[in-house]
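Novice: Predicted model and sequence below, questions to follow.
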Amino acid sequence: MNKFEKVSFKRYNLDTVHSREEYDRIKLPERSTRCSAGYDFYLPHDIVIPYGRSTTIATGIRVILDDDKFLMLCPRSGLGFKYGISLANTCGIVDADYFLSDNEGHIFVKLVNNSPLANGEDIKLKEGSAFCQGIICRYYETDQDETDAIRNGGFGSTDKK
Ligand SMILES: O=c1ccn([C@H]2C[C@H](O)[C@@H](COP(=O)(O)OP(=O)(O)OP(=O)(O)O)O2)c(=O)[nH]1
């Protein structure tokens, strides 16, 4: 199965300070043409990224995937070429088992504005603008792989203590 859904309003409200109206307006990611590889993610609210800073966007979105797939989050070429906007982690990997986490698999995207292409300017993007894209990919396991740990969360959640 490959499916985008909104996280619950309760989850969105826990992860942001935004309103029910805003949550209701969140659009599921979409492809723009028949052969576009990436599903565009749309901003749930206006953002300003001051020059030299980053901003984390709680997208309101989660993805349900078969176990052998993942979603690769990539920058949009337009924003990259025009303003040098990048993802803080260069490319985000959303694992299929992230969906089962306590946070409902809420997808976060961290955008950075630190390129010379921005000419020292703050970047302003409007609600509804496509700000990154997600590509559904398949991955493979090695023959000797017996990994059976269960994920709960992201961003270092599986680091050994
Ligand atoms: O840009 C991103 C990257 C990751 N994630 C979520 C989904 C992913 O399944 C989870 C863990 O990501 P990853 O495995 O890349 O992070 P990690 O630093 O290796 O942490 P972990 O130990 O939780 O795997 O965080 C996002 O929401 N946005």
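Specialist: Right, received. Where do you want to start?

Novice: quick one: buried residues of the strand of greatest length in the chain?
Specialist: Longest strand of the chain, by residue count under DSSP state E: strand 130-138. Buried residues in strand 130-138, counted by 16 or more other CB atoms under 10 Å: Ala130, Phe131, Cys132, Gln133, Gly134, Ile136. For the C-beta atoms, the positions are set from N, CA and C on the backbone; glycine is no exception.

Novice: and it, what does it pack onto?
Specialist: strand 39-42, strand 61-65, strand 69-75, strand 108-113 (3 or more CB pairs under 8 Å, 6 or more residues apart in numbering; DSSP states H and E).

Novice: okay if I get the ones you listed as CSV plus mean neighbour count?
Specialist: Below are the helices and strands packed on strand 130-138 laid out as CSV (neighbours: other CB atoms under 10 Å):
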stretch, mean neighbour count
strand 39-42, 21
strand 61-65, 22
strand 69-75, 20
strand 108-113, 20
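
Novice: can I get those strands in TSV with distance to Asp102?
Specialist: Converted to TSV, the helices and strands packed on strand 130-138 look like this (distance: least, CB to CB, whole Å):
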stretch	distance to Asp102
strand 39-42	22
strand 61-65	12
strand 69-75	19
strand 108-113	14
